[in-house]
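Engineer: 3D, please:
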Amino acid sequence: MFELDAITAGYDRRDPVVRNVSLTLAPGEAVGLLGPSGCGKSTFAKVAALLHRPYGGRVVIDGDTALGWRHTAPRAQRTAIGVVFQQPRMSADPRLSLRDLIAEPLRATGRRDEVAARTGELAETVGLTADLLTRRPHEVSDGQLQRACLARALVLRPRWLVCDEMTAMLDASTTAALVAAVEEYRSAHGAGLLAVGHDRVLLERWCDRTLHWP
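Structural biologist: Residues are numbered from 1 along each chain as shown. Predicted structure coming up:
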């Protein structure tokens, strides 16, 4: 199970944007979190991905309480979660080719021997051709870059996925392709999904259940 218990978080302790929010996600389950822009969904998603320390509450991953945040989180907990953000250009190193972008987590965890096989496999899964893998972020479209960011999120075979407005900037065909890639991965690996967004129709079609922001 993946549990977020009574999370309070934000950027000013006197006025948190997330107040006492709880959510439980089972293995293999897809849960949508629906709410308007600016309500605190993305902050909650960052807490779930161990990228933002909350003021209160706890995150429990597979029965173990999260012991750290960002680089201080234990590797086993950090790598159990794959995350895709709304704006790919803000989460991609502009110096890296798409191939190196996808492979970045493998190299960071000492698994260089898997790079060639995994990048090729995932490029095919998300719909990136070999020529695109040689390009840098400024040489591809937002949709192509987001495909690479999704592949990067999947490369370590995480048990849990957090997709924060993953398709908000994309056209309908790219949205459909990325959702299909996530569902293919979940079907193969039994991963749980937290999909955060403001598109009610998309979340209700995609997810097993959709929760409205408190």
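Engineer: just want the most central residue of this protein.
Structural biologist: Among the residues of the chain, the one closest to the centroid is Val83, at 1.8 Å (CA atoms, centre = their mean).
Engineer: please identify the helix or strand for that one.
Structural biologist: strand 81-84 (DSSP states H and E).
Engineer: Val59: neighbour count?
Structural biologist: Residues lying near Val59 (other CB atoms under 10 Å) number 22. Yep, even glycine has a C-beta here, placed from its N, CA and C like the rest.
Engineer: helix, strand or coil for it?
Structural biologist: strand (DSSP: H, G, I helix; E, B strand; the rest coil).
Engineer: rewinding a little: bridged to the residue nearest to the centre of the chain, which residues?
Structural biologist: Beta-bridge pairing for Val83 (DSSP bridges): Val162.
Engineer: and the average pLDDT for the longest helix seen in the chain is what?
Structural biologist: Assignment by DSSP state H gives helix 172-189 as the longest helix of the chain. Averaging pLDDT along helix 172-189 yields 95.
Engineer: cool, and stretch 81-92?
Structural biologist: For stretch 81-92, mean pLDDT rounds to 93.
Engineer: ok, and for that stretch, which residues are buried?
Structural biologist: Under the neighbour-count criterion of 16 or more other CB atoms under 10 Å, stretch 81-92 has Ile81, Gly82, Val83, Val84, Phe85, Gln86, Pro88, Ser91, Ala92 buried.
Engineer: from Trp160, how far out is the second one?
Structural biologist: Noted for Gly82: a distance of 7 Å to Trp160, by CB to CB, to the nearest Å.
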